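In: When you get a sec, could you give me coordinates for this:
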Amino acid sequence: LAKRPKRCKLVLQPELANVVADRLRLQWSPEQIAGWLKHTYPGDEDHQVSHETIYRSLYIQARGALKKELLEHLRRTRAMRRSRHHTQKTDDHGRIKDAVSISERPASAEDRAVPGHWEGDLLCGSHNSQIVTLVERQTR
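Out: Down below sits the predicted model:
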């Protein structure tokens, strides 16, 4: 039975934390460091660490593994790091800010008497493909 929560690998192995910190100072990304460790020490789990562990050690200072000053060596500077899943759970995810309902459009657009009113639609397909349609309401 695994004990949870586990202590951070970089806390348990200070020499590994020093290697990671040195590479961060050389502007290496956590992904590069994890890949380099895996390539340099194949089959030696004690000398390997995931990029996620490195990021967590930087952003969650309570772990006590890597110093906060190493954050400035990352290519992207963020105060906090959140998962993709976290941002999708927020109430306003995927919502248009200050959206106006189609029922609130003016009567002149509704009866198609005045030219110049456009209607647009976006269709999203597979493999990140999109099609936009624009139709002038009077002439179609």
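In: And stretch 9-19, how far out from the chain middle?
Out: 26 Å (CA atoms, centre = their mean, to the nearest Å).
In: Correct me if wrong: A109 contacts Q138.
Out: No. Using CB atoms under 8 Å, A109 makes no contact with Q138, being 9.6 Å away. For the C-beta atoms, the positions are set from N, CA and C on the backbone; glycine is no exception.
In: which outside residues touch stretch 19-28?
Out: By CB atoms under 8 Å, 6 or more residues apart in numbering, the residues outside stretch 19-28 that reach it are 10, 30, 32-33, 36-37, 49, 54, 66-67, 70, 73-75.
In: Neighbour-wise, give me the winner out of the residues you listed.
Out: Counting neighbours by other CB atoms under 10 Å, I54 leads these with 28 neighbours.
In: Does that one touch I33 like I think?
Out: Yes. Contact status for I54 versus I33: in contact at 6.2 Å, counting by CB under 8 Å.
In: overlap in contacts of A109 and Q138?
Out: H117.
In: Tell me which of those two has more neighbours.
Out: When A109 and Q138 are compared for neighbours, A109 comes out ahead with 16 against 13, by other CB under 10 Å.
In: what about that one, which SS state?
Out: Following DSSP: H, G, I helix; E, B strand; the rest coil, A109 is assigned to helix.
In: mind listing what the residue nearest to it when sequence neighbours are not counted touches?
Out: Once flanking residues are discounted, A109 sits nearest to H117: 4.3 Å by CB to CB, 6 or more residues apart in numbering. Contacts for H117 (CB under 8 Å, 6+ apart) come out as 108-109, 136-138.
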